[in-house]
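> what shape does this take:
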Amino acid sequence: MNASNNSPLDIFAERLALRNFPRGRIDPEAIAIKQGIDFTYTSLPEAVDGFVTDESGRLAITMNERRAPRGSPRSRFTLAHEIGHCFQSEPVGSARIPGDGSPRTTGERASDRFAAHLLMPEPTFRDLAASLPAFDLRGVTMVAAHLGTSVTATAYRAMELDLFPAPAAVLRWNLLGERHGRRLSSHTRMRGRDYIRLADIPAPGTVTARVLDQFRAGLHRGAAHVMDWFTDLDGYGIGHQIELSEEVMSLGQYGWLTLIRPFRP
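Prediction:
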């Protein structure tokens, strides 16, 4: 396990997953039961996915089935997220609210990471990715289907594990065409500050720009220049003239996802 960037909570999540499910899909409900954490599913009108309460000294998670059906990727991630809160110092009253682009608290980010490490432990994820003939956005969807996670969460995890050559990034767009999330690989960040800033809107002529403009479904591929996406590059540095592979996938009601990475040699 590459623990250099992992917190103790991240490492604990992966050990918990691998100890109970050494191969294949992790069942967060089974883990909650084994850890003595109660959970229930109900229909709530509030825009909250789940929350933790203290029932007479016993932690309990309430899941909002109105937001996501039980067993769906979103519901599984929410349950794993709330389990993460149970292992933090102040879990009671913690709630997972759908992201609106606003900054998240340290506790929420820690629980998101816990959920990612629990549902997508590094050894399992790497083995699945390596078993595919090509690991691209279609490969991400195959890993997501195997692990029972969303395509977005799986793409973010792949980026965290540096499974794409640098420079590489994943960007999520909402239905209005606004950037709603992003992840850079750590190897991309190591290239320097010029590679930190990503475009807020897709450059004209890129595959993403066309797909968002035409509200297109499905998966689309094309080429882009590195300066189309990394907006601080001036074209004079080493690596400022790279041609990128650009893939864009529709996420239905959740918008679109763009993966950019160098073409394979």
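> show me the helices in this structure, by range?
With DSSP state H as the definition, the chain shows helices at residue ranges 8-20, 28-34, 73-86, 106-119, 122-130, 137-147, 151-160, 186-189, 207-214, 226-229.
> ok, the spatially most central residue of the chain - contacts?
Central residue check for the chain by CA atoms, centre = their mean: the C-alpha nearest the mean position is that of residue 153, 2.3 Å away. Contact criterion CB atoms under 8 Å, 6 or more residues apart in numbering gives 73, 77, 116, 119, 120, 144 as the residues in contact with residue 153. No exception for glycine: its C-beta is placed from N, CA and C like everyone else's.
> how much space separates it from residue 74?
Using CB to CB, to the nearest Å, one obtains 9 Å as the distance from residue 153 to residue 74.
> what do you get for residue 194?
For residue 194 relative to residue 74 (CB to CB), the value is 35 Å.
> verify the contact between residue 141 and residue 250 for me.
No: under the criterion of CB atoms under 8 Å, residue 141 lies out of contact with residue 250, with a separation of 11.4 Å.
> return the residues in contact with residue 225.
With contact taken as CB under 8 Å, 6+ apart, residue 225 is in contact with 241, 242, 243, 244.
> by neighbours, which of these wins?
When the contacts of residue 225 are compared by neighbour count (other CB atoms under 10 Å), residue 244 ends up highest, at 23 neighbours.
> go ahead and confirm that one touches residue 261.
Yes: with contact defined as CB under 8 Å, residue 244 and residue 261 form a contacting pair (6.5 Å).
> count of residues packed around the spatially closest residue to residue 213 that is not a sequence neighbour?
Of all residues beyond its chain neighbours, the one nearest residue 213 is residue 177 (7.7 Å), with distances taken as CB to CB, 6 or more residues apart in numbering. Other residues within reach of residue 177, judged by other CB under 10 Å, total 17.
> where does the stretch 1-150 of the chain have low pLDDT?
Counting by pLDDT under 70, the stretch 1-150 of the chain contains low-confidence ranges at 1-4, 89-104.
> how close does the residue nearest to residue 213 get to residue 214?
Look at residue 177 and residue 214: by CB to CB, they are 11 Å apart.
> now residue 174
Counting by CB to CB, the gap from residue 174 to residue 214 is 16 Å.
> tell me which of those two has more neighbours.
With other CB under 10 Å as the criterion, residue 174 and residue 214 differ in neighbour count, and residue 174 comes out ahead with 18 against 9.
> show me the contacts for that one.
By CB under 8 Å, 6+ apart, residue 174 lies in contact with 180, 254, 255.
> ok, of those residues, which one's closest to residue 229?
Taking CB to CB as the measure, residue 180 is the one of the contacts of residue 174 closest to residue 229, at 16.0 Å.
> just to revisit the earlier point, if any of the contacts of residue 174 are buried, put those into a ChimeraX selection.
To isolate the buried ones among these in ChimeraX, judged by 16 or more other CB atoms under 10 Å, type:
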select :180,254,255
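> residue 126: which of the contacts of residue 174 is nearest?
Here the nearest of these to residue 126, counting by CB to CB, is residue 254; it sits at 26.0 Å.
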